[in-house]
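**Q** Sequence and computational prediction follow.
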Amino acid sequence: MYNIDFIGAYEHLSQDKMFKPYLDNIRLPKRTPSGDIYSGLISSIISQQLSVKAAATIHGRFLDLFESDYPHAAELLTFDDITLRSAGISRQKTKYIRNVAIYFQDNNLFEKDWSKLSDEEIISLLTDIKGVGKWTVQMILMFVLQRPDIFPVLDLGIQQGMIEIYKLKEEKKELYAKMESLSKKWQPHRTVACLYLWAIKDVQR
C-alpha cells in the first residue's frame, strides 16, 4: 500500500498552467485507505449505477446480514438469492458478489501482500473475476490501496473535467488518446489529478 503525497502532488500539478486555477479553488478531503481489496470490490459492485445515498443504504443493509457486519466469504456463500436481494441488491450484482467471494477463496487472496504487485498486475488478476472490470479495479487502486499514479481514462467525470480545462473537441478514441497524452505531464501524481478533476463539477455548482 502507498501513502499519497498530496502536497508534493499539488506542487507538481501546479506546474500545469491551465490546471492550476482549478487546483487553487478546490480543497480535497483526506481519505484513510482500508487496504481491504475484497470488501472494497464488493462495495464497488453494490454501488455501481446508484447514487451515493442509495449505495450507502443498500451496502448497510447488506452488511447487516452478517453476524460481524463484515462480508466474510464463507458466510456470504451460504446466502441464497432471496437473502441477498432482500438488502436491495440486483440479481446480476448478487452473482458478481459471489464471484468475488469464490475467487478470493479459491486463490487464497485474503492475506495477499498486494504491495508486491504492480498496478497492471493487480488489474490483470482482478479483472479475471466476472463482473469486475478495469474501471472498478482502478477505483480500488486509488481508494483502497492509494496507488499514486492511476488514470481511469474511461471515467465520465475525468473526461468532463479535462474537457472543461483544456476545451477538448475530440470524441471517443481520439478523446482518450488526447487525455492520455495530456495526463503524462501529471505523472507520477495522476491519482491526485483525478481527485481534482472529479471535484471540478462540485465547485462549479
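**A** Cool, got the structure.
**Q** Nearest residue to the residue most central in space within the chain in space, please, no chain neighbours.
**A** Centrality entry for the chain: nearest residue to the mean C-alpha point is M139, 1.4 Å, by C-alpha atoms, centre = their mean. Nearest residue to M139, sequence neighbours excluded (C-beta to C-beta, 6 or more residues apart in numbering): S44, at 5.8 Å. C-betas here are computed from N, CA, C, even on glycine.
**Q** Report the distance from the helix or strand where the residue nearest to the centre of the chain lies to the chain centre.
**A** Counting by DSSP states H and E, the element that carries M139 is helix 134-143. On the basis of C-alpha atoms, centre = their mean, to the nearest Å, helix 134-143 is displaced by 4 Å from the centre of the chain it belongs to.
**Q** quick one on the thing from earlier: I'd like the distance between the residue nearest to M139 and D128.
**A** According to C-beta to C-beta, to the nearest Å, S44 stands 16 Å off from D128.
**Q** quick one, which of the two is more surrounded?
**A** S44 (21 against 10; other C-beta atoms under 10 Å).
**Q** Next, find the distance separating the more buried one from D106.
**A** When S44 is compared with D106 (using C-beta to C-beta), they lie 20 Å apart.
**Q** before we move on, what about L195?
**A** 34 Å.
**Q** and what of E75?
**A** Taken as C-beta to C-beta, the span from E75 to D106 is 17 Å.
**Q** Looking at these two, which is more packed in?
**A** Shown here are E75 and D106; by other C-beta under 10 Å, E75 has more neighbours (14 against 9).
**Q** Identify the residue nearest the more buried one in space, chain neighbours excluded?
**A** Spatial nearest neighbour of E75, chain neighbours left out: F66 (5.8 Å); criterion: C-beta to C-beta, 6+ apart.
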